[in-house]
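Colleague: What shape does this take:
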Amino acid sequence: MYPKITEYHLLKLPQKFDKVKQFDFLFHKSGALEGHPGGYHFVNFKTKQEAEETI
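Modeller: Residues are numbered from 1 along each chain as shown. Okay, here's the model as predicted:
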């Protein structure tokens, strides 16, 4: 089982990387998990090089 993180943690994570252009995370829109995080997110960096350096 994976550790749980909160929405707060997800929002704070990109602040560690000032190269982040956009940060999106998705929530379940229906069903038993409605309103809960979908378990993944998307991060866009300003340049490809900055993304590769961060990885």
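Colleague: Provide the secondary structure category for the residue most central in space within the chain.
Modeller: The centre of the chain sits closest to H41, judged by C-alpha atoms, centre = their mean, with a distance of 3.8 Å. Put simply, H41 is strand when judged by DSSP: H, G, I helix; E, B strand; the rest coil.
Colleague: Show me the shaky parts of the chain.
Modeller: Along the chain, the parts satisfying pLDDT under 70 run over 1-2, 7, 10, 14.
Colleague: repeat that with 90
Modeller: In the predicted model, the chain carries pLDDT under 90 at residues 1-29, 33-47, 49-55.
Colleague: so E52 sits in a helix?
Modeller: Yes. Membership of E52 in a helix is supported by three-state DSSP.
Colleague: one step back: is the residue nearest to the centre of the chain in a bridge, and if so with what?
Modeller: F25 (DSSP bridges).
Colleague: Hmm, it is touching L26, no?
Modeller: Yes. Applying C-beta atoms under 8 Å, one finds H41 in contact with L26, separated by 7.0 Å. The C-beta positions use only the backbone N, C-alpha and C, and glycine is treated the same way.
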